[in-house]
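Participant: Below: sequence and its predicted model.
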Amino acid sequence: MAKKLISHVDLTRCTASAKRTFIRRAQKGIYLTQKLSKEEVLQKIASTLQLTPRSLYSVDRKIYLEEWYQTLLIEIDKIHEDLRIEKNLSSVEELKNLTVELLTEEVSKMKQILMAYQKKCEEQALDIEKLMKQLVKRHEKVEKI
């Protein structure tokens, strides 16, 4: 397979796009419980450029990508700190716990909705069965005449 030439402009464009994605995810609190891995970042950039992560990490691009990844991690930490301050919490650990609590609360709400939906479906199935029996009885009477 021939090497694909990538300009620095293409690389910076793709890294900027990936950065926006990772920043949005950090603002949602996704990287509070898991650390953003370099492999995940390189895979995202490489897929955008239609390369493999190994070919993306060449000599001249390696330095740029290392610096870019480190600044991304610093910005994500800053976002976590801003989230912590916004929620008036004393540590990022409390923010993680708050995020986990919110998620468990959301899961319990979804379970309640699901149970209500299942109950309604069962009621509707019984109603349909009852109506079908009534319909069959009507037709039986018509056939007897």
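Facilitator: Noted; the coordinates are in hand.

Participant: low-scoring stretches of this protein, by residue?
Facilitator: Low-confidence regions of the chain, defined by pLDDT under 70, span residues 1-4, 59, 89-93, 95-96, 98, 141-145.

Participant: repeat that with 90
Facilitator: 1-12, 25-42, 45-65, 77, 79-108, 135-145 (pLDDT under 90).

Participant: Okay, strands next: where are they in it?
Facilitator: Counting by DSSP state E, the chain has no strands to list.

Participant: what about the helices in it?
Facilitator: Under the criterion DSSP state H, helices of the chain are mapped to 8-27, 38-49, 53-56, 59-86, 92-144.

Participant: elements contacting the fourth one?
Facilitator: Of the remaining helices and strands, those touching helix 59-86 by 3 or more CB pairs under 8 Å, 6 or more residues apart in numbering; DSSP states H and E are helix 8-27, helix 38-49, helix 92-144. Backbone N, C-alpha and C define where each C-beta goes, glycine included.

Participant: Which of those helices sits closest to residue 82?
Facilitator: Minimum separation from residue 82 across those (CB to CB) falls at helix 8-27, 8.9 Å.

Participant: Flag every buried residue along that closest one.
Facilitator: Across helix 8-27, burial judged by 16 or more other CB atoms under 10 Å covers 11, 14, 15, 18, 19, 22, 26.

Participant: now what about it, what contacts it?
Facilitator: 31, 36, 41, 44-45, 48-49, 61, 64-65, 68, 72, 75-76, 79-80, 83 (CB atoms under 8 Å, 6 or more residues apart in numbering).
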